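Asks: Just the structure for this:
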Amino acid sequence: MTFEQIVISLYLFLGICFGLTTFSIRHLFSEGPDKEIQTEQASELKGRLFWTLICTWLWPIMVFTGINTAVILAKRKKLAAQKD
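Replies: Purely as a prediction, here's the structure:
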């Protein structure tokens, strides 16, 4: 394997791992800190597969959006603690 193939394989592998581990908190990467009320019951396997496919290619962007959401939630928590 060439160096380029190793880098691409590693990128895709990290994306798959990221997608599989963040499936349960995927709302933090898309809609924000609130979970969407599910109106349609989809197969969890299909949902996990779709999320993993998205994260396989876009995981660097997902990391940044997750960090942004974590900062927003920390600020909200700090403000709520100051009000009490």
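Asks: What are the buried residues along stretch 14-25?
Replies: Going by neighbour count (16 or more other CB atoms under 10 Å), the buried part of stretch 14-25 is 15, 18-19, 22-23. Yep, even glycine has a C-beta here, placed from its N, CA and C like the rest.
Asks: swap that for stretch 56-74, please
Replies: Quick answer for stretch 56-74 (16+ other CB under 10 Å): 56, 59, 62, 66, 69.
Asks: How far does that stretch sit from its chain's centre?
Replies: 7 Å (CA atoms, centre = their mean, to the nearest Å).
Asks: One more: stretch 68-83?
Replies: 19 Å.
Asks: Then stretch 15-34?
Replies: 3 Å.
Asks: What of stretch 77-84?
Replies: That offset, for stretch 77-84, works out to 26 Å (CA atoms, centre = their mean).
Asks: Please export the C-alpha coordinates of it as PDB.
Replies: What follows is stretch 77-84, C-alpha atoms only, in PDB (Å, rounded to 0.1, in the frame of the first residue of the first chain):
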ATOM      1  CA  LYS A  77     -25.100  26.000  31.900                       C
ATOM      2  CA  LYS A  78     -22.800  28.800  33.300                       C
ATOM      3  CA  LEU A  79     -25.500  31.400  32.800                       C
ATOM      4  CA  ALA A  80     -28.100  29.200  34.400                       C
ATOM      5  CA  ALA A  81     -25.800  28.700  37.400                       C
ATOM      6  CA  GLN A  82     -25.300  32.400  37.800                       C
ATOM      7  CA  LYS A  83     -29.100  33.100  37.800                       C
ATOM      8  CA  ASP A  84     -29.600  30.700  40.700                       C
END
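Asks: Now do it, average pLDDT.
Replies: The average of the pLDDT scores along stretch 77-84 is 85.
Asks: do the same with stretch 27-39
Replies: Rounded mean pLDDT across stretch 27-39 is 63.
Asks: and if you look at stretch 49-59?
Replies: Stretch 49-59 comes out at a mean pLDDT of 92.
Asks: what's it in contact with?
Replies: 12, 14-16, 18-20, 22-23, 26, 62 (CB atoms under 8 Å, 6 or more residues apart in numbering).
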